[in-house]
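K.L.:
Test case, fold it:
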Amino acid sequence: MRQTHKAGDKVFVDYAGQTIPIIDTLGSANHDAQIFVGALGASNYVYAEATWSQKLPDWIAPHQRMFEFYGGVPATVVPFSIMWP
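P.N.:
I've put the predicted structure just below:
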């Protein structure tokens with residue numbers, strides 16, 4: 001269903017389904033990075049960032065950096081998970 005969004009009204013946020021492997025070539029520890037994604041509703045302008053987990057600190061910090069990247073805060077932040085039951 002096509003939706004129309006006003007500029008600056010909404011940003012849609014969530015973690016992407018796939019993880020990205022991070023390989024430590026100097027040590028033996030390998031990690032899977034979680035990919036945080038935010039997209040503005042009107043322009044589909046995307047912000048993406050790798051985090052170590054989906055825990056609260058790794059959920060809040062990318063939001064702060066995303067807002068700095070966009071140069072402001074939209075009226076509404078919509079988590080994708082509430083859009084897709």
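K.L.:
any idea how far the nearest residue to Asn30 once chain neighbours are set aside is from Gln34?
P.N.:
Residue nearest to Asn30 in three dimensions, not counting chain neighbours: Ile23, with 5.3 Å by Cβ to Cβ, 6 or more residues apart in numbering. Bear in mind the C-beta positions are built from the backbone N, C-alpha and C, glycine included. Taking Cβ to Cβ, to the nearest Å as the measure, Ile23 falls 16 Å from Gln34.
K.L.:
Those two: who's more crowded?
P.N.:
A side-by-side neighbour count of Ile23 and Gln34, using other Cβ atoms under 10 Å, places Gln34 first with 20 against 8.
K.L.:
any idea which element that one lies in?
P.N.:
Per DSSP states H and E, Gln34 falls inside strand 30-40.
K.L.:
Which residues are in contact with the closest residue to Phe80 other than its chain neighbours?
P.N.:
Leaving out its chain neighbours, the residue that sits closest to Phe80 by Cβ to Cβ, 6+ apart is Asp14, at 3.5 Å. Residues near Asp14 by Cβ atoms under 8 Å, 6 or more residues apart in numbering: Phe36, Val37, Pro79, Phe80, Ser81.
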